[in-house]
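> what would the 3D arrangement of this be:
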Amino acid sequence: MTHIPEMPVTQVIDYKWSKVFKPFVFFSDIIGRVEIPPEFTFDWESVPLIRGTSKAAGLPHDYLSRKDSVPVVTKKVAADVYMEIMVYLKTPAWRRWLKYLIVLLWPGYFHKKSVAWKMYINRA
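Residues are numbered from 1 along each chain as shown. Model prediction:
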């Protein structure tokens, strides 16, 4: 059963980026138990206009979009887990379907970064 025992504890880096402060665990009907490690750097949700409206779903999606997440999943599975968590969090249906389709169809970002990537170190 989809379950988030405790909401993520994070630290803000700047206006866009945050990092996980302590391990974040969630349980998915699709992929089982997932633990996101401390120091994981992410942007919550980056789609303009609806940015940050389902933050607790954006974090797992960002993690599952990395090339070395545990488990490594396809773009479709990452989008499905995103949708699953938005349903669990009772995100309005119109908003979750819009976000789901955007992350499923948006080109270019999937499996580009590693879990250990840190924007505040890699910034040019």
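
> okay, now R95: neighbour count?
R95 has 13 neighbouring residues, counting by other CB atoms under 10 Å. For every residue, glycine as well, the C-beta is placed using N, CA and C.

> tell me the buried residues in the host helix or strand of it?
Taking DSSP states H and E as the criterion, the element that holds R95 is helix 93-105. For helix 93-105, burial by neighbour count (16 or more other CB atoms under 10 Å) applies to R96, K99, Y100, V103.

> can you tell me which of these is nearest D62?
V103 (9.9 Å; CB to CB).

> so that closest one makes contact with V81?
No: at 10.3 Å, V103 and V81 do not qualify as touching, with contact defined as CB atoms under 8 Å.

> contacting residues for K67?
For K67, the contact set (CB atoms under 8 Å, 6 or more residues apart in numbering) comprises H111, K112, K113, S114.

> so what pLDDT did the second one get?
In other words, K112. K112 is assigned a predicted lDDT (pLDDT) of 85.
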